[in-house]
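> fold the following for me, if possible:
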Amino acid sequence: MKLSKPAIKPLVVLLFLLLSLLSDIYGQQTDQEPELPTLSGKHPKPLKIGLYRSAPFVIYENDSIRGMAIDLWENIAVKDGIGYSYIKYDSPGELLKAVQNSEVDLALSNLTITQERAKYVNFTQPWYQGGLRLMVSSVPRGGLKGVIKGLYQSGYVHAYLWIGFAILLGTLLITLFDRKFNPDYPKRWREGLAEGFYNVMSVATSGKFPARKNYFGWLGRIWQGLWLACGIALLAFITSSVTSVMTKMELQHQIRSVADLGQDPVGVRKETEAEDYARGTGLNYRSYQNLDDAVNALQKGEVTAIIGDDPLLRYYVYKNPDQKVKVIGRNINHDKYGFAYPLDSELGRALNLYILGEVDAGFVDELKRKYLGNEIKE
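Predicted structure coming up:
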């Protein structure tokens, strides 16, 4: 059966309209954005959030908790509508162990993303780029007090105590000797001891013996020569020890990088990337529970410098101007911080999308300005 030409035209028009309708429907479907995953969709129960105190990322202040990591998470949680509760841990190691054992659903702090850690926990997209840096005291260590402190820390004070004992013993022996053999020697003990002390100190400070009568001939001259040799050696020891301490004090204020540390002790926080770095590079390091303890050791002269995360050190200087410390040099390395979650967790995709959105929107830059101010890097 053949269709006439007048009958074909309506069919062509109908087919054209049908194709146009299908094209509109397909276009609308392709223009729609895909539905984004949510945390509450993957985890309907409130999340358990593990924390480690590390300002400016996690700050415990009276009964409140704030910080860069806290503000970022709470902004995400508000947008998602998911509930949560905080659990505090005493060290980064304990916090990561809790994540590994699924005791918490998410860990917040300045957690450095490393290959070794990624074997046991998952990390989100990096949201902050940091790195290790040096902190030193900004207080000059010169002056008499600084020299005495340096002598004590170098172990010279104990030697000086023995020298003092030897001087007192020499004073007593010379006084007894001259009282017995020199009829012109002062008879009162006060004047006699003063004269003996003067004789000993003359040898110790100038290497010269005051004019004295020789009572024992050639043996007496040999004895006086030995006294002179001891005095010269003593003077050389005192001069060299003081010079050594002052030189070390001067060098300590010329530290600009890790290469300037040598084998001087450096402070780090326990179970942190700084401790791993110090151990791996063979530095002479001492570990402390927190940054306050490390700064206290720096002020006491127990360590020459502190190695720590750049933002933590800068925040400490920014908030504690009375501590007289400063951050110096450039970053030793470059680290990336992220949130950590268990390997079997399904929260990763939703978390990463939220974090990327906050970074793109400039929210992380706002947090930097809020917590680090306008502090200028050296």
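> ok, now which ones touch Y354?
L39, I76, K79, D80 (Cβ atoms under 8 Å, 6 or more residues apart in numbering). C-beta here means a position set from N, CA and C on the backbone, and glycine is covered the same way.
> tell me which helix or strand comes right after the helix or strand that contains the second one.
I76 belongs to helix 68-80 when assigned by DSSP states H and E. Once the chain leaves helix 68-80, the next helix or strand it forms, by DSSP H and E, is strand 84-89.
> between strand 84-89 and the helix or strand following that next one, find me the angle.
Where DSSP H and E defines the elements, the next helix or strand beyond strand 84-89 is helix 92-100. Relative orientation of helix 92-100 versus strand 84-89 (axes from the mean of the first three to the mean of the last three Cα atoms, to 10 degrees): 140 degrees.
> now do the helices in the protein.
Using DSSP state H, the helices of the chain run over 5-31, 39-42, 68-80, 92-100, 143-153, 156-181, 189-206, 217-252, 273-280, 291-300, 310-319, 348-360, 363-372.
> lowest average confidence across the ones you listed, which one?
Ranked by mean pLDDT, the helices of the chain bottom out at helix 5-31, with a mean of 57.
> what comes up buried for stretch 321-336?
Going by neighbour count (16 or more other Cβ atoms under 10 Å), the buried part of stretch 321-336 is Q323, V325, V327, I328, G329, I332, D335, K336.
> how about residues contacting it?
Outside stretch 321-336, the residues that reach it (Cβ under 8 Å, 6+ apart) are 112-113, 126, 128-139, 255-258, 273, 277, 295, 298-299, 307, 309-310, 313-314, 316-317, 377-378.
> repeat for stretch 92-111
43, 47-54, 57-58, 69-70, 73, 87, 89, 117, 120-121, 123, 128, 130, 270-272, 309, 311-312, 337-345, 347, 351.
> and stretch 327-341, how far from the chain's centre?
Distance of stretch 327-341 from its chain centroid, counting by Cα atoms, centre = their mean, to the nearest Å, is 11 Å.
> quick revisit: if any of the contacts of stretch 321-336 are buried, put those into a ChimeraX selection.
Buried members of the contacts of stretch 321-336, defined by 16+ other Cβ under 10 Å, are picked up in ChimeraX with:
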select :112,113,126,128,130,131,132,133,134,135,136,137,255,258,273,277,295,298,307,309,310,313,314,316,317
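> how about the contacts made by the residue nearest in space to the middle of the chain?
Centroid-nearest residue in the chain: G308, 2.8 Å away (criterion: Cα atoms, centre = their mean). Applying Cβ under 8 Å, 6+ apart, one finds that G308 lies in contact with L132, R133, M135, V268, R269, T272, A274, L291, A294.
> count of neighbours near the closest residue to K368 other than its chain neighbours?
In this structure, K368 finds its nearest non-sequential neighbour in M68, 7.5 Å apart by Cβ to Cβ, 6 or more residues apart in numbering. Neighbour count for M68, taken as other Cβ atoms under 10 Å: 28.
> measure M68 to I255 for me?
Taking Cβ to Cβ, to the nearest Å as the measure, M68 falls 29 Å from I255.
> repeat that for N333.
For N333, the distance to I255 - Cβ to Cβ - is 18 Å.
> dump the residue contacts of the closest residue in space to D80 that isn't next to it in sequence.
Excluding its sequence neighbours, the residue lying closest to D80 (Cβ to Cβ, 6+ apart) is L39, at 4.7 Å. With contact taken as Cβ under 8 Å, 6+ apart, L39 is in contact with L47, I76, A77, D80, I82, L347, A350, L351, Y354.
> and I174, by the same measure?
Residues in contact with I174, defined by Cβ under 8 Å, 6+ apart, are G196, N199, V200.
> redo the residues you listed as CSV? Include distance to A361 and neighbour count.
Compiled in CSV, the contacts of I174 are given as follows (distance: Cβ to Cβ, whole Å; neighbours: other Cβ atoms under 10 Å):
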residue, distance to A361, neighbour count
G196, 84, 23
N199, 83, 19
V200, 79, 22
